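model the following, please.
(2 chains)
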Number of protein chains: 2
Amino acid sequence: MKIATLSDYLLQRIDRAAGQPLNRQLYQVVREAILAEVLPAGLQLPSSRDLARELGISRNTVINAYDHLASEGYIATRTGAGTFVTDTVPDQLSDADRTEPAVRQAGGHAGLSARGARLVQRAGASKTQWGAFMPGVPDITRFPVKVWSRLQNVHWQRGKPELLSYASGAGYLPLREAIADYLRVARSVNCHAGQVIITAGIHQSIDLAAKLLGESGDRAWVEDPCYWGTHSVLNSLDLAPVPVPVDSEGMTLPPEMLRTPPRFIFVTPSHQYPLGPVMSLARRRALLDYAAAHQVWIMEDDYDSEFRYTGRPLASLQGMDTFQRVVYLGSFSKTLFPGLRIGFMVVPEPVADAFATGVAELYRGGQIFTQAVLADFMAQGYFASHIRRMRQLYAQRRHLLQQAIDDAFGGKLATTGGDAGLHLTLLLPPGCDDQAVSRAAALEGVIARPLSGYYSDPQQGQRGLLLGYACVPDELIQPTFAQLARVINKYR
Amino acid sequence: MKIATLSDYLLQRIDRAAGQPLNRQLYQVVREAILAEVLPAGLQLPSSRDLARELGISRNTVINAYDHLASEGYIATRTGAGTFVTDTVPDQLSDADRTEPAVRQAGGHAGLSARGARLVQRAGASKTQWGAFMPGVPDITRFPVKVWSRLQNVHWQRGKPELLSYASGAGYLPLREAIADYLRVARSVNCHAGQVIITAGIHQSIDLAAKLLGESGDRAWVEDPCYWGTHSVLNSLDLAPVPVPVDSEGMTLPPEMLRTPPRFIFVTPSHQYPLGPVMSLARRRALLDYAAAHQVWIMEDDYDSEFRYTGRPLASLQGMDTFQRVVYLGSFSKTLFPGLRIGFMVVPEPVADAFATGVAELYRGGQIFTQAVLADFMAQGYFASHIRRMRQLYAQRRHLLQQAIDDAFGGKLATTGGDAGLHLTLLLPPGCDDQAVSRAAALEGVIARPLSGYYSDPQQGQRGLLLGYACVPDELIQPTFAQLARVINKYR
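A predicted model of the protein is given here:
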């Protein structure tokens, strides 16, 4: 290549008006040309003086770019001979058998594994995470921001470096103690701080339990319908979720299924998600006995029991377990705010140390700082009073939503699951396409997640809409539901 | 059971002096007695009036406890007959085959799966995460706390609820843009914001890639020696890490291994962990060609390239890749602080959407709030200036540590890996038991992680100690190393 050809090539690709320094641009263009073999190995490059003149730039700029290229091995100077493109084309491969690229397409996602393609295809997470009627999201605007940032600033000022480093073990001990105290009183969970493991949320808790207590290929019973996240996390680990029907007493225990015990049983006994029934006492005892007899792990997801509006909160399943088969899962996503990303699990005593080691090893957690702030928030009573305030607020909103539903449908459509939590489920007639209603509502800016989507087979699932009321300002509930009612009426 | 017997039983278990209200205590004791079948199904309970008199407590207390038990189904009142313990013992199970509890013991951890027991047994995470000479931890005390909390308070005051809800997709867009801009300039990474996925750190990035691009049973080449976390995360997913020797040019590519391509190749090309060599240009090109020819995913872990003290930082492997086979991994753990728990990955364009969906689906991330604060921190130039300041500080500390080593051993022991990063590795003679040195040092309060522990077979591994200097105050480096030197001399 003649120097004039090279300088033309370079001049076309260098932009004096660009923000990037010329030496950097020159380095990049030459580097790309070498990688693309436009400048082949062995080619002699012009001297820095000649190239600078041809390009009309300073010689130092060229020297700087050449130095950079040389330091990375793209070019080399042989004393007395000049500067050459080095031979970096690998020859180890010349005799390796170059197979044709295997086509790994599945579900239209080139390059994903079959597992990955399935996961993406069946993804259940909503694109929107805020607004009427997003289920499972608390009213974040009522979070006591001033208190929280004051507590946060105290820790910043103290500046203990341990709080900003990696977490070791199961998490910040004072937080684990505060959680154990809270769960013993509020949820009758039978535990001490040593059994409490801090995680980044319920997804991570499930992932950790599946990795430490399960193997790929294991079966896990899940309620049908069920929270989408449980399915996704289990599938991502090659555990097989087996749907088990739910009735008014919670997860059923069909005799034909009992014959082949799974490794895990996932339940939401306090408030079945998303339908709402409470698991009956008889069913609870049957489940615990079965788990003990067959060494099954029960995963109790107690995601929103703090908010119960009618009757008394039921004690946790864990608190009834005398066999140490229950792993209890909770989080602060519903009680404080989802973005906090702090969850916890209470594991049986015999595996507590293994979980403490496992959580640090697998996730290299951190956020000890946030854990310390949360521990203060709980110890100083702010957590309990926030829950009390929110319970009143959400009870009022639930009432407003129920009223709006009655106004629109005059009792013709039933609701379920409103005794507790942050949403209720409006049931639709069997023929009504809840997915279509949901899509049409989305076009009007209303979130209404279809109930059938929570079933293992949406075709067979009950039709309905999950309506989260907790994060909707009082005055918007009636008008927004009226808007949704008009959409529903088009499809009834 | 006579009422006197029952009241004796209860009186033994109720503590008037305890902080818990008596009705709550009574409820719990009776509940446990029913669960333990001390009070069998069908037993008539004394009237609230009689029991209150026997126990010497108010009748309302008994009524309250009875109501609670009734609401949970433990007892029931039959009109005109009295109050009875209900029959909650499950009978579905009476004819189910009750197998003997399978003994699932492995590695001494009763109840863990074989995979779980292996993970816990081989755990590599250190119990201590701060102090001399903890590798991989930056000087957290120099973090600009005032700036950070000011930026944080701005967002608290703005109070956008979206920032506190669940994350959707790949993370907060302005942060993804700031990271893409930074990586293009500082690391020659070829990317736009659409390819940047925010994660909770490198462990989560590996987990996500393994789930979306791999299947259980897949092989993954890892450097030998290697970061312990890569092994742990892969093992937890039933992927098989295959150790590949490292030489002065980085990961070797033994011809006999090339014949059976793995699914993943994990490399630290900019600064091999923990030995320190930079992967040569020839090796880089060979690796990229091989990956393209065999549809292998290269996982480039670029964990501490920001801190390079000699020579010029090398461009990333990703920037040389014209085949879209490189997944680039980074985090803010070394540049800011580990507890921040924000990492990122740059994925090839064709799989970017799948990763955005997958990360939200599998981890239900959050911390958009922290992501927003970090985006401001970067956009306002604080990130770049913090790195510049820390580079000077760490260069000085590296120099002090090298000097302390020379003082103690007069050049008799070599070091490696000090060109970049937050640690250097002191090599010990082959006969010296580095694990024993590490344990003895720990007893004196000095952290010195043994190099052999990073090898797939510690027996065969090179002997040495990883010495992190970044988080050690200048004045402590010399005396702490002198202390460690005395320990080393006992074992040389």
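
need the longest strand for chain A.
Assignment by DSSP state E gives strand A:240-247 as the longest strand of chain A.

just checking, what packs against that strand?
Here strand A:240-247 touches strand A:219-224, helix A:228-236, going by 3 or more C-beta pairs under 8 Å, 6 or more residues apart in numbering or on different chains; DSSP states H and E. Any C-beta I mention is one placed from the backbone N, CA and C, and that applies to glycine too.

look up phi and psi at the closest residue to residue A:451 other than its chain neighbours.
Nearest residue to residue A:451 in three dimensions, chain neighbours excluded: residue A:464, at 3.5 Å (C-beta to C-beta, 6 or more residues apart in numbering or on different chains). Phi and psi for residue A:464, reported as degrees, to the nearest 10, are phi 180, psi -180.

was I right to think residue A:464 contacts residue A:430?
No: Residue A:464 lies out of contact with residue A:430 (C-beta atoms under 8 Å); the separation is 10.4 Å.

between these two, who's got more neighbours?
Legend: neighbour count by other C-beta atoms under 10 Å in any protein chain shown for residue A:464 and residue A:430, higher for residue A:464 (29 against 7).

pull the longest helix from chain A.
Counting residues, the longest helix found in chain A (DSSP state H) is helix A:382-409.

just checking, what packs against it?
Looks like helix A:382-409 contacts helix A:173-187, strand A:423-427, helix A:474-491 (3+ C-beta pairs under 8 Å, 6+ apart).

nearest to residue B:179, out of those?
Using C-beta to C-beta as the measure, helix A:173-187 is the one of the helices and strands packed on helix A:382-409 that comes nearest residue B:179, at 30.2 Å.

quick one: buried residues of that closest one?
The neighbour-count check on helix A:173-187 (16 or more other C-beta atoms under 10 Å in any protein chain shown) flags A:174, A:175, A:176, A:177, A:178, A:179, A:180, A:182, A:183, A:187 as buried.

tell me what the residue nearest to residue A:451 is bridged to.
Under DSSP bridges, the beta-bridge partners of residue A:464 are residue A:427.

related to what we said a few turns ago, quick check: angle from the longest helix of chain A to strand A:423-427?
Per axes from the mean of the first three to the mean of the last three C-alpha atoms, to 10 degrees, the angle that helix A:382-409 makes with strand A:423-427 is 20 degrees.

ok, and what's touching the next helix or strand after helix A:382-409?
Once the chain leaves helix A:382-409, the next helix or strand it forms, by DSSP states H and E, is strand A:415-416. Strand A:415-416 is contacted by residues A:275, A:276, A:277, A:402, A:405, A:424, A:425, A:426, A:427, A:464 when judged by C-beta atoms under 8 Å, 6 or more residues apart in numbering or on different chains.

give the helix, strand or coil label for the first one.
Which is residue A:275. Using DSSP: H, G, I helix; E, B strand; the rest coil, the structure places residue A:275 in coil.

picking that back up, can you list the helices and strands packed on strand A:240-247 in CSV and add mean neighbour count?
Output for the helices and strands packed on strand A:240-247, formatted as CSV (neighbours: other C-beta atoms under 10 Å in any protein chain shown):
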stretch, mean neighbour count
strand A:219-224, 23
helix A:228-236, 23
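
quick one, which of these is nearest to residue A:60?
Per C-beta to C-beta, nearest to residue A:60 of the helices and strands packed on strand A:240-247: helix A:228-236, 53.6 Å.

give me the angle between the closest one and strand A:219-224.
160 degrees.

tilt between helix A:228-236 and strand A:240-247?
Using the same axes, to 10 degrees: helix A:228-236 against strand A:240-247 is 150 degrees.

export helix A:228-236 as PDB, just CAs?
Presented in PDB, the C-alpha positions along helix A:228-236 are these (Å, rounded to 0.1, in the frame of the first residue of the first chain):
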ATOM      1  CA  TRP A 228     -45.300 -16.100  37.600                       C
ATOM      2  CA  GLY A 229     -41.900 -15.500  39.200                       C
ATOM      3  CA  THR A 230     -41.900 -18.900  40.900                       C
ATOM      4  CA  HIS A 231     -42.300 -20.600  37.600                       C
ATOM      5  CA  SER A 232     -39.600 -18.500  35.900                       C
ATOM      6  CA  VAL A 233     -37.000 -19.000  38.700                       C
ATOM      7  CA  LEU A 234     -37.600 -22.800  38.800                       C
ATOM      8  CA  ASN A 235     -37.500 -23.100  35.100                       C
ATOM      9  CA  SER A 236     -34.200 -21.200  34.900                       C
END
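
which residues are contacting that helix?
Residues contacting helix A:228-236 (C-beta under 8 Å, 6+ apart): A:115, A:118-119, A:122-125, A:202-203, A:206-207, A:210, A:220, A:222, A:240-241, A:266, A:301, A:453-454, B:211, B:361-362, B:364.

please repeat the previous calculation with a cut-off of 7 Å.
Outside helix A:228-236, the residues that touch it by C-beta atoms under 7 Å, 6 or more residues apart in numbering or on different chains are A:118-119, A:124, A:203, A:206-207, A:210, A:220, A:222, A:241, A:266, A:454, B:211, B:361-362, B:364.

let me see the contact set for the residue nearest to residue A:280 when sequence neighbours are not counted.
Leaving aside its chain neighbours, residue A:280 sits nearest to residue A:249 (3.9 Å; criterion: C-beta to C-beta, 6+ apart). Listed by C-beta under 7 Å, 6+ apart, the contact partners of residue A:249 are A:277, A:279, A:280, A:283.
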